[in-house]
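Trainee: Got a predicted structure here, sequence first:
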Amino acid sequence: MTSLTTIRMATLTINNTTTRIKLPFHSIKTPPPFFTKSPTNHPKLLSIRPNSVSESSVSLPVDDAEEEEEVDDPTAELSYLDPETDPESVTEWELDFCSRPILDIRGKKIWELVACDSSLSLQYTKYFPNNVINSVTLKDAIVSICDELDVPIPDKIRFFRSQMQTIITRACKELGIKPIPSKRCLSLLLWLEERYETVYKRHPGFQKGSKPLLALDNPFPMDLPDTLYGEKWAFVQLPFSDVKKELETLEKSFAFGATLDLDLLGIEIDDNTLIPGLAVASSRARPLAAWMNGLEVCSIEADLARANLVLSVGISTRYVYASYKKSPVTTSEAEAWEAAKKTSGGLHFLAIQDSLDSDDCVGFWLLLDLPPSPV
């Protein structure tokens, strides 16, 4: 890989009394826009003729003039598998099981199961009344998806709501599925964002201004575990062409890290565009990358008020990854780094290396900031 271009570099000094990291900063310039089209242009999801939903406690009465089924009927359910997809290849799902801003004929919030894979080759939705929400209902629904679409029980299911962890985990374990709490459900989150605009807001039972019943957590960051400490780090930038090479290497070598489907996300970036990231060096880089690999790394952010960097992993776990002496200069540096991420639509990366001078990465994670789900 082409050497990472250092924007600013710092030796990590672990203070035994405070276990904080001292960081001198150097200048950083905000790169030009990374998108050739607006980052708000999310991928156009497959338009599939859905199965109609029978009128029940989860749907409001429909006028006779509207009884004719339409492709975009907001009360309809969806059960779809791309005919070009090998069913046996769909082994990892992303799943949400939560209430929606929609009331049924009883005046109670409708719940919905939404499931997909990362490529959206599998898409499934089903409404439920609020009095049947439990792990048995979810387990039976997962089995029904597999039967309807003729796909195997998945090996893994990712989900992003901590409040549903007990129900989802219980249902998964009864079916031999590994549940993975993670905000790296990007395809699912973007699909929910689209469904909010194109389905929920058009549903006859939609409640404008209704707040999510299960709001997402954003807890105060904790101290970093000893296993995740590096020895040096630097804010760096890497041409997008080299980011793609790193991702190709990652996929071929099964190295530590995680990639994103940029085509699906609708991200178009020129190969020469510099992508911001964080490089971490350690004499124990491989064990460090192995530990990081099991955490479902989501994002890194600069907390300007507290003068530190926050690493987000899993659903709601946040760690103080590094801290620095607050000053007008360092605040300006941190603001510029966050601005660089925003310019790229939230795209950034984490690279773990043996040395900051190395051309090779032991671990590479492509990360993306996303706004919280509207539902």
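Mentor: Thanks, I have it. Residues are numbered from 1 along each chain as shown.

Trainee: you'd agree Ile102 is in a strand?
Mentor: Yes - secondary structure assignment places Ile102 in a strand (DSSP: H, G, I helix; E, B strand; the rest coil).

Trainee: Now do it: how many residues are near it, please.
Mentor: Counted with other Cβ atoms under 10 Å, residues neighbouring Ile102 total 26. For glycine as for every other residue, the C-beta is placed from the backbone atoms N, C-alpha and C.

Trainee: who's it bridged to?
Mentor: Phe206 (DSSP bridges).

Trainee: For it, give me its contacts.
Mentor: Shown in contact with Ile102 (Cβ atoms under 8 Å, 6 or more residues apart in numbering): 109-110, 200, 203, 205-207.

Trainee: Tell me the one of these nearest Glu246?
Mentor: Tyr200 (37.7 Å; Cβ to Cβ).

Trainee: these two touch, right, that closest one and Pro101?
Mentor: Yes - using Cβ atoms under 8 Å, Tyr200 is in contact with Pro101, at 6.0 Å.

Trainee: between those two, what contacts are shared?
Mentor: 206, 375.

Trainee: Let me know the helix or strand that Asp147 is in.
Mentor: Asp147 is part of helix 135-149 when elements are defined by DSSP states H and E.

Trainee: where's Tyr229 relative to Val310, distance?
Mentor: Tyr229 is 15 Å from Val310, where distance means Cβ to Cβ, to the nearest Å.

Trainee: An error on my part: the question was meant for Leu122.
Mentor: Leu122 is 33 Å from Val310, where distance means Cβ to Cβ.

Trainee: who has more neighbours, the two?
Mentor: More neighbours surround Leu122 than the other of Leu122 and Val310, with 22 against 18 (other Cβ under 10 Å).

Trainee: what about stretch 77-97, start to end distance?
Mentor: 14 Å (Cα to Cα, to the nearest Å).

Trainee: before we move on, what about stretch 219-228?
Mentor: End-to-end distance for stretch 219-228: 19 Å, by Cα to Cα.

Trainee: And for stretch 159-167?
Mentor: 11 Å.

Trainee: Pull the residues that contact it.
Mentor: 94-98, 133-135, 138, 168, 179-183, 185, 188-189, 214, 216-217, 315-316, 373.

Trainee: circling back to that earlier point, what is the mean pLDDT for the helix holding Asp147?
Mentor: The average pLDDT within helix 135-149 is 98.

Trainee: Strands along the stretch 251-375 of the chain, start to end?
Mentor: Assigned by DSSP state E, counting those that start in this stretch, the stretch 251-375 of the chain shows strands spanning 256-258, 274-281, 297-303, 308-313, 317-323, 347-353, 363-368.

Trainee: thinking again about what came up before, among the contacts of Ile102, which one lies nearest to Glu148?
Mentor: Ile110 (20.6 Å).

Trainee: Just the buried ones from the contacts of Ile102?
Mentor: Among these, those buried by neighbour count (16 or more other Cβ atoms under 10 Å) are 109-110, 200, 203, 205-206.

Trainee: now, which of those sits nearest Asp271?
Mentor: Once Cβ to Cβ is applied, the member of those that ends up nearest Asp271 is Tyr200, at 38.2 Å.

Trainee: Check the gap between that closest one and Pro374 for me.
Mentor: Here Tyr200 is placed at a distance of 8 Å from Pro374 (Cβ to Cβ).

Trainee: Can you mark which positions in stretch 152-168 are buried?
Mentor: Buried residues in stretch 152-168 (16+ other Cβ under 10 Å): 154, 157-162, 164, 167-168.

Trainee: Geometric centre of the chain: which residue is closest?
Mentor: Centroid-nearest residue in the chain: Arg184, 2.7 Å away (criterion: Cα atoms, centre = their mean).

Trainee: Sketch out the low-pLDDT regions of this protein for me.
Mentor: Residue ranges of the chain with pLDDT under 70: 1-71, 212-217, 254.

Trainee: all helices of this structure, in order?
Mentor: 135-149, 165-174, 186-198, 240-253, 262-265, 285-293, 328-343 (DSSP state H).

Trainee: Can you lay out these as a markdown table showing distance to Thr273?
Mentor: As requested, the helices of the chain are arranged in a markdown table below (distance: least, Cβ to Cβ, whole Å):
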| stretch | distance to Thr273 |
| --- | --- |
| helix 135-149 | 39 |
| helix 165-174 | 38 |
| helix 186-198 | 20 |
| helix 240-253 | 5 |
| helix 262-265 | 12 |
| helix 285-293 | 26 |
| helix 328-343 | 10 |
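
Trainee: Which stretch among the ones you listed approaches Asp271 most closely?
Mentor: Smallest distance to Asp271 across the helices of the chain (Cβ to Cβ): 3.8 Å, for helix 240-253.

Trainee: What distance do you get for Tyr80 to Ser121?
Mentor: To Ser121, Tyr80 is 9 Å away according to Cβ to Cβ.

Trainee: one step back: closest one to Met222 among the strands of the stretch 251-375 of the chain?
Mentor: For the strands of the stretch 251-375 of the chain, proximity to Met222 was assessed by Cβ to Cβ; strand 317-323 is nearest, at 5.7 Å.

Trainee: Which neighbouring elements make contact with that closest one?
Mentor: The contact analysis (3 or more Cβ pairs under 8 Å, 6 or more residues apart in numbering; DSSP states H and E) places strand 317-323 against strand 222-223, strand 308-313.

Trainee: OK, contacts around Pro87?
Mentor: Shown in contact with Pro87 (Cβ under 8 Å, 6+ apart): 81, 149-152.
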